[in-house]
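J.: need a structure here:
(chains A and B)
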There are 2 protein chains.
Amino acid sequence: MAFSSSNQVNIERFWTTIEKSAEIGRGREGGLSRLALSDADKTIRDVFVQWCREAGLTVTVDQAGNIFARRAGLDDTLPPVLMGSHLDTQANGGRFDGILGVMGALEVVRTLNDLGHQTRRPIEIVNWTNEEGARFSPPMTASGCFAGAYDLDWVHQRPSDDGATFGDELRRIGYLGDAPVGGRDLDAYFELHIEQGPILDAEKVQVGVVTHAYSSHGFIVEFKGETAHAGPWPMERRRNALVAAARLLVAVDDLGWEHAAAGGKATAARIVAWPNKAGILSDWAQTVCDVRHDDPAAAAVMAERVERAVGEAAARAGCTGKVLERWEWGGRIFDDAMIAGVRRHADALEYSTRDLPSQAGHDAYFLARVCPTAMIFTPCRGGVTHNNNELATREDLLPGLNVLLHSATERANR
Amino acid sequence: MAFSSSNQVNIERFWTTIEKSAEIGRGREGGLSRLALSDADKTIRDVFVQWCREAGLTVTVDQAGNIFARRAGLDDTLPPVLMGSHLDTQANGGRFDGILGVMGALEVVRTLNDLGHQTRRPIEIVNWTNEEGARFSPPMTASGCFAGAYDLDWVHQRPSDDGATFGDELRRIGYLGDAPVGGRDLDAYFELHIEQGPILDAEKVQVGVVTHAYSSHGFIVEFKGETAHAGPWPMERRRNALVAAARLLVAVDDLGWEHAAAGGKATAARIVAWPNKAGILSDWAQTVCDVRHDDPAAAAVMAERVERAVGEAAARAGCTGKVLERWEWGGRIFDDAMIAGVRRHADALEYSTRDLPSQAGHDAYFLARVCPTAMIFTPCRGGVTHNNNELATREDLLPGLNVLLHSATERANR
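T.: Next comes the predicted model:
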């Protein structure tokens, strides 16, 4: 069957899929707490794989736990068009973040199946492992590995708070696959996502055309000091690592405020310390923080300020401080032709559009390193996300889904 | 047998006792990690009870897990003279903090047994539960309960980080006794302790005569905010509870520095947050902090500044902040006659002495509310404590032990 410009996804079927997903790994009311490689992640993976097989797709799992579901093309030797995102969530996550991109891709395939339309190139759906970084650091671990940014052994060794490693947990839930991670040709990658910001909702725009990504710099910082008594030990001899960590996080927050007028953000995300108890000074602390800015130069300035703040915070507390890990993403990384394609299809479908940057981290950032990539944003209410109140309706999501359907199909028929 | 002014404890026997204790709940090299009501705490309790029984003492355990070991007096109807401290340690604790006071009291009793000397009043040794507050907050929980400061049910409900309650853990390790907590007459309480400060060691003084206690105010503070994405969420809409907590801890540390010249201290001791993960703002955080000063008025000023800082830190982060618990101790709480007795016995034994305040928290502070109380300090190397490098030698400890022997025996013979 030929593919027509009037074809649409089945929004009711898609909605049922989202609702079924929202029953797996429930968190606070209305939300999800489906941490990467948890039992709940295994369950949604099992369900997703079953749905893919029911749609006639061939499922492959790679050694980083990424799941690929392939629909053959008329010329199956051509590199595939890939669509997807992630099924893991934050501890207080919503039902759409990531899930829209995976289940939306599945809905595109189901629609093509309904139409009996076979594309020239193969199409693949992907679920990337541990996008959120809520259980293993850094975020976007497995798409980073796919793109060659992270070594597979290093990924397998990533520890969780609960003492398990990424590799052990992959094995435990049965998703340590055989396929190599990356190293194969892709024609293109599309990621449909809720905006995770308030702009589209506030302006009542139906489709966000993602032009570029905020420049983001993330840090894992470690401080070392010495335990001593919280009482008699003189202030000038104290080496309380918790104080160093708290000072860094305050400096990071201050930095965010300094750049807030220009849309910059800085986040004090995480702190752990030892012994972290009443009556004793802590000799170890670790923090995670990040800075983001639309202007790469401004983001670089912020990042450099964080590096300096590590030393200042450590010195103030008589400790040593060290950046253990550092990650960086963003910029004008998306493919111009694909961006233009997204805008053109939205126009053809008579949806209102707006160009905008992506401010969160996404697997698409890593994919952009290995193939032409584009992101499509849908509105979400008030921009609320990483919160159980994250909300989008059928009406919010249908335009983005149809733009994905047309963009990916056209690309696969090139 | 009469008791002579030349009697001394058996320092070698005492040292063996300390070394045996140091094998139970080993932590980092040379130190202990014997958290209250842990398996290691059970083991040292069992050993201590056995030693007490071997010394002919009658052992009673109260409903807060405090262990009392009684040596009958000639007039056994008189209120007893109590001596003791605690056998629990910090996570990175030493071998002497607390242990000296309990095992020192045992050595006093063993010495009286050697001498065949029976005192007029009964003598009791006590091991107080959870002095350190390293597993359950607040510190000195069970001596506080004994003195009527804390309700027994409330004590039993205190939670640990590992999810257990004080009451459950008492039951689990078999130290939920039948005896009522407190409510009985005591003639006096003596607590022998390492100084936990550098003064005696620096000045090469053998015995510290504790005149009073630093005024200390402790706080458990909770902040509430809202989760949101660490990326797109605008700075001005953020309600990151972790930022509020970090700001409070920095304010507390600043406060310590402001008062450092006059010997004041302020400690950022603990922080926990949720979800406390990369990529998401935390909606909950809790901190423990304290302020201490030799001058009660200055300590009160510092405490009031902490209370104000809670509101300021919360406001800066768009959160709410609340002091959940607050404790206070110190002042001129010790008994003048007993202090004079300690000094007199040290002089008679030809030990050098120095008057000094106690800067740490001690069970003696609560005991002082219910009976005449005194503390005796021994030197410890460099004042290092709450650290595995805590160190005292036989020579450091013998004078204090002998002063305890003579002070307690005289008191028991009144």
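
J.: what residue of chain A is the furthest out?
T.: Most distant residue from the mean C-alpha position of chain A: residue A:232, 47.1 Å away (Cα atoms, centre = their mean).

J.: can you list the low-confidence ranges for chain A?
T.: Nowhere does chain A drop to pLDDT under 70.

J.: can you report how many residues neighbour the nearest residue to residue A:203 once chain neighbours are set aside?
T.: Leaving aside its sequence neighbours, residue A:203 sits nearest to residue A:354 (Cβ to Cβ, 6 or more residues apart in numbering or on different chains; 6.4 Å). C-beta coordinates here come from the backbone N, C-alpha and C atoms, glycine included. For residue A:354, the count of nearby residues is 18 (other Cβ atoms under 10 Å in any protein chain shown).

J.: dump the residue contacts of residue A:354.
T.: A:199-200, A:203, A:205, A:207-209 (Cβ atoms under 8 Å, 6 or more residues apart in numbering or on different chains).

J.: dihedrals phi and psi, it?
T.: Per-residue torsions, residue A:354: phi -150, psi 130 (degrees, to the nearest 10).

J.: cool, and residue A:288?
T.: Taking degrees, to the nearest 10 as the convention, residue A:288 sits at phi -120, psi 130.

J.: before we move on, back to that, which of the contacts of residue A:354 fall within helices?
T.: A:199-200, A:203 (DSSP state H).

J.: show me which of the residues you listed are buried.
T.: The neighbour-count test (16 or more other Cβ atoms under 10 Å in any protein chain shown) marks A:199-200 as buried among the ones in helices among the contacts of residue A:354.

J.: out of the ones in helices among the contacts of residue A:354, which comes closest to residue B:310?
T.: Comparing these against residue B:310 with Cβ to Cβ picks out residue A:199 as the nearest, at 35.2 Å.

J.: mind listing what that closest one touches?
T.: So residue A:199 contacts A:205, A:208, A:354, A:356, A:383 (Cβ under 8 Å, 6+ apart).

J.: hey, where'd the helices end up in the stretch 151-300 of chain A?
T.: Along the stretch 151-300 of chain A, counting by DSSP state H, counting those that start in this stretch, helices occupy A:152-157, A:166-172, A:199-203, A:241-258, A:296-316.

J.: could you export the last one as CSV, CA atoms only?
T.: It refers to helix A:296-316. The C-alpha coordinates for helix A:296-316 follow below in CSV (Å, rounded to 0.1, in the frame of the first residue of the first chain):
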residue,chain,number,x,y,z
PRO,A,296,27.6,27.1,24.7
ALA,A,297,30.1,29.9,25.6
ALA,A,298,28.0,30.8,28.6
ALA,A,299,27.7,27.2,29.6
ALA,A,300,31.4,26.8,29.3
VAL,A,301,31.9,29.8,31.6
MET,A,302,29.5,28.3,34.1
ALA,A,303,31.3,24.9,34.0
GLU,A,304,34.6,26.6,34.6
ARG,A,305,33.1,28.3,37.6
VAL,A,306,32.0,25.0,39.0
GLU,A,307,35.5,23.6,38.6
ARG,A,308,36.8,26.6,40.5
ALA,A,309,34.1,26.3,43.1
VAL,A,310,35.2,22.7,43.9
GLY,A,311,38.6,24.0,44.9
GLU,A,312,37.2,26.9,46.9
ALA,A,313,34.6,24.8,48.7
ALA,A,314,37.3,22.2,49.6
ALA,A,315,39.7,24.9,50.8
ARG,A,316,37.1,26.6,53.0
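
J.: what packs against it?
T.: strand A:207-224, helix A:241-258, strand A:284-293, strand A:320-331 (3 or more Cβ pairs under 8 Å, 6 or more residues apart in numbering or on different chains; DSSP states H and E).

J.: please work out which of the helices of the stretch 151-300 of chain A is packed deepest.
T.: The highest average neighbour count among the helices of the stretch 151-300 of chain A, using mean count of other Cβ atoms under 10 Å in any protein chain shown, belongs to helix A:241-258 at a mean of 26.

J.: identify the farthest-apart pair in the contacts of residue A:354.
T.: A:203 and A:209 (13.1 Å).

J.: closest one to residue B:10 among the helices and strands packed on helix A:296-316?
T.: Between those, strand A:284-293 lies closest to residue B:10; by Cβ to Cβ that is 40.4 Å.
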